[in-house]
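K.L.:
pasted the sequence and its predicted model underneath.
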Amino acid sequence: MVKPNQTPQGRRELKHAITKLDCYLLRNNLRHVMSFDPNTNEEGRYLIRSVYFDNIENKVLTEKKEGHFKRDKFRVRLYNNQTDYINLEKKSKRNNMTYKVKCRLTAQEYEQIRFGETEWMEFDNRPIVRELYNQMNLFQLKPVTVVDYEREVFVYPYGNVRITFDSSIKTSFRNNDLLNPNLPMVEALEPNLVVLEVKYDEYLPDIIKMLLQVNDRRLGTYSKYHLSRMYG
């Protein structure tokens, strides 16, 4: 049974880089129409830390940079530095649609994956764990780099719209020590920029389209993994 927070039907996803000034103005406009995600704090924000999987030939990164219409990306993610709630996620791109499935993972299980102790994954009862096991054996995928950022989230029920602002994006380069709270991190995005993501199902309501008009918006491949690998 698919959980409600997964997207088997696919969603549309647009990513832009905007200035912090435009972010401030847009955020104030959205507050009159949209609501904070209920999982965020009082300011509508939370911290995200993810580790992304790739191989020595940078298969995942190359497919992203070349804009392949069919590609998959695995990551392990935790929120607000809480290591007792960790997700393994598979994010897929099929033409212009984005699909995501995920399952819970324990800290011990991640550490086993990190150090190559993967035999248990072959017959695990979670399909995504078995699929990652197959991908790790077929393409030699492994956790490569950790990415940290702060996310602010607005939601709108019609069209199932979700708008996020990601800032303070940092990378560990090639360190995959996800559970280390003192992991050295460096900035991966220009200090004056924020990544705006717009996600929706079949349509984007006109009121949201109108509110999203900003002065300086750059459409591009602003995936956090791509940004984290720009320097190595």
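P.N.:
Perfect, I can see it now.
K.L.:
only C-alpha atoms from now on, for both contacts and neighbour counts.
P.N.:
OK.
K.L.:
give the buried residues for the longest helix along the chain.
P.N.:
Assignment by DSSP state H gives helix 127-139 as the longest helix of the chain. Neighbour counts over helix 127-139 (16 or more other CA atoms under 10 Å) mark 128, 129, 130, 131, 132, 133, 136 as buried.
K.L.:
which neighbouring elements make contact with that helix?
P.N.:
strand 82-94, strand 97-105 (3 or more CA pairs under 8 Å, 6 or more residues apart in numbering; DSSP states H and E).
K.L.:
of those strands, which is nearest residue 11?
P.N.:
strand 97-105 (5.1 Å; CA to CA).
K.L.:
that closest one packs against which elements?
P.N.:
strand 7-19, strand 82-94, helix 127-139.
K.L.:
how does it look with 10 Å?
P.N.:
On a contact count with 3 or more CA pairs under 10 Å, 6 or more residues apart in numbering; DSSP states H and E, strand 97-105 meets strand 7-19, strand 70-79, strand 82-94, helix 127-139.
K.L.:
got those as a markdown table, with distance to residue 208 columns?
P.N.:
Compiled in a markdown table, the helices and strands packed on strand 97-105 are given as follows (distance: least, CA to CA, whole Å):
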| stretch | distance to residue 208 |
| --- | --- |
| strand 7-19 | 13 |
| strand 70-79 | 27 |
| strand 82-94 | 24 |
| helix 127-139 | 34 |
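K.L.:
deepest-packed of these, please.
P.N.:
With neighbours defined by mean count of other CA atoms under 10 Å, none of these is more surrounded on average than strand 70-79, at a mean of 20.
K.L.:
which strands and helices lie in contact with it?
P.N.:
Using 3+ CA pairs under 10 Å, 6+ apart, strand 70-79 sits against strand 45-54, helix 59-65, strand 82-94, strand 97-105, helix 127-139, strand 142-156.
K.L.:
which stretch in the helices and strands packed on strand 97-105 is the model least sure about?
P.N.:
Here the lowest mean pLDDT among the helices and strands packed on strand 97-105 goes to strand 7-19, at a mean of 83.
K.L.:
helix or strand next in line after it, which one?
P.N.:
Proceeding C-terminally, strand 7-19 gives way to helix 20-30 as the next helix or strand, assigned by DSSP states H and E.
K.L.:
helices and strands of this protein: which one bottoms out on pLDDT?
P.N.:
Of all helical and strand segments in the chain, the minimum by mean pLDDT, DSSP states H and E falls on strand 217-219, at a mean of 53.
K.L.:
picking that back up, can I get the buried residues of helix 127-139 in CSV with distance to residue 35?
P.N.:
Compiled in CSV, the buried residues of helix 127-139 are given as follows (distance: CA to CA, whole Å):
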residue, distance to residue 35
128, 31
129, 34
130, 37
131, 36
132, 35
133, 38
136, 39
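K.L.:
out of those residues, who's nearest residue 13?
P.N.:
The shortest distance between residue 13 and any of the buried residues of helix 127-139, using CA to CA, involves residue 128 and amounts to 22.1 Å.
K.L.:
show me where pLDDT drops low in this protein?
P.N.:
Residues of the chain meeting the criterion pLDDT under 70: 1-8, 214-222, 231-232.
K.L.:
re earlier: between the helices and strands packed on strand 70-79, which gets nearest to residue 72?
P.N.:
Of all the helices and strands packed on strand 70-79, the one in closest proximity to residue 72, counting by CA to CA, is strand 82-94 (4.3 Å).
K.L.:
put the alpha carbons of the closest one into CSV.
P.N.:
What follows is strand 82-94 as a C-alpha-only set of coordinates in CSV (Å, rounded to 0.1, in the frame of the first residue of the first chain):
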residue,chain,number,x,y,z
GLN,A,82,17.0,13.8,14.4
THR,A,83,18.6,10.4,13.6
ASP,A,84,15.7,8.4,15.0
TYR,A,85,13.6,9.2,11.9
ILE,A,86,15.4,8.4,8.7
ASN,A,87,14.0,7.8,5.2
LEU,A,88,15.4,6.0,2.2
GLU,A,89,14.0,7.7,-0.9
LYS,A,90,14.0,7.0,-4.6
LYS,A,91,13.2,10.0,-6.8
SER,A,92,12.5,9.3,-10.5
LYS,A,93,12.1,11.5,-13.5
ARG,A,94,10.0,10.3,-16.4
